[in-house]
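Q: Give me a model of this one.
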Amino acid sequence: MKIDTHQDLKIFFDSNYRNAVIRANRIVQNQATAEDLVQDCLIKLWEQKDRLQAGSIEGYFATMVRNKSIDFLRKKKPKLIGTDAIQIAAEDNSSLELAELQAKINKAIDSLPERCREVFVLSRFENMSYKEIAESLVISPKTVENHISKALKVLTTALNFILFLFFFK
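A: The predicted structure follows:
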């Protein structure tokens, strides 16, 4: 397919937009952001239409969407669970692997029971103390400690296999 006119772009948009948003959303984990990134890529594709060959547009567009999504994550600098090993590995590997690892970490966190996940997120990502969490959720500091302990055990178990694959790929 060659994109020469606005009609060609509309046809390309209609046939590729949905899958591109799904691909971007897998990386950035946010539907609205994924839609924005894909639209930015479509604009860039239109601007570069004269330099593109007819057979390579779909692949080129898919690569643009993937790279734009990864760049978005890189600029956002996602917080990983604070282990130095993950940070070192992430720096040594490609951005796509970093995005995949972040998605797996998020999935492991999402698998926690609701209250446990809430306590863990407040502790690790909002940097709240156990006492602050206990006061905010109207639970005892010991309960907060138990939730954190449970969360770390679940995440360690879930992520050990992922880290093994990550380091020995």
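
Q: Straight-line length of stretch 17-37, end to end?
A: Length of stretch 17-37, first residue to last, Cα to Cα, to the nearest Å: 11 Å.

Q: What residue spans form the domains of this structure?
A: According to automatic domain parsing, the chain is divided into the following domains: 6-76, 84-167.

Q: can I get those in TSV with mean neighbour count and mean pLDDT?
A: All C-beta spots, glycine's among them, are computed from the backbone N, C-alpha and C. Formatted as TSV, the domains of the chain follow (neighbours: other Cβ atoms under 10 Å; pLDDT from 0 to 100):
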stretch	mean neighbour count	mean pLDDT
domain 6-76	16	85
domain 84-167	15	78
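
Q: now for the biggest helix by length in the chain, which elements pack on it?
A: As assigned by DSSP state H, the longest helix anywhere in the chain is helix 141-167. On a contact count with 3 or more Cβ pairs under 8 Å, 6 or more residues apart in numbering; DSSP states H and E, helix 141-167 meets helix 84-92, helix 95-110, helix 114-124, helix 130-137.

Q: Nearest to Asn67 among those would be which one?
A: Closest to Asn67 of the helices and strands packed on helix 141-167 is helix 95-110 (Cβ to Cβ; 8.5 Å).

Q: I'd like to know which elements that closest one is packed against.
A: Counting by 3+ Cβ pairs under 8 Å, 6+ apart, helix 95-110 packs on helix 6-28, helix 57-76, helix 84-92, helix 114-124, helix 141-167.

Q: Repeat the analysis, applying 6 Å as the threshold.
A: Packing partners of helix 95-110 (3 or more Cβ pairs under 6 Å, 6 or more residues apart in numbering; DSSP states H and E): helix 57-76, helix 141-167.

Q: Export those helices to CSV and append columns for distance to Asp8.
A: Formatted as CSV, the helices and strands packed on helix 95-110 follow (distance: least, Cβ to Cβ, whole Å):
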stretch, distance to Asp8
helix 57-76, 10
helix 141-167, 42
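
Q: Can you check which of those gets nearest to Ser129?
A: Checking those against Ser129 by Cβ to Cβ gives helix 141-167 as the closest, at 8.9 Å.
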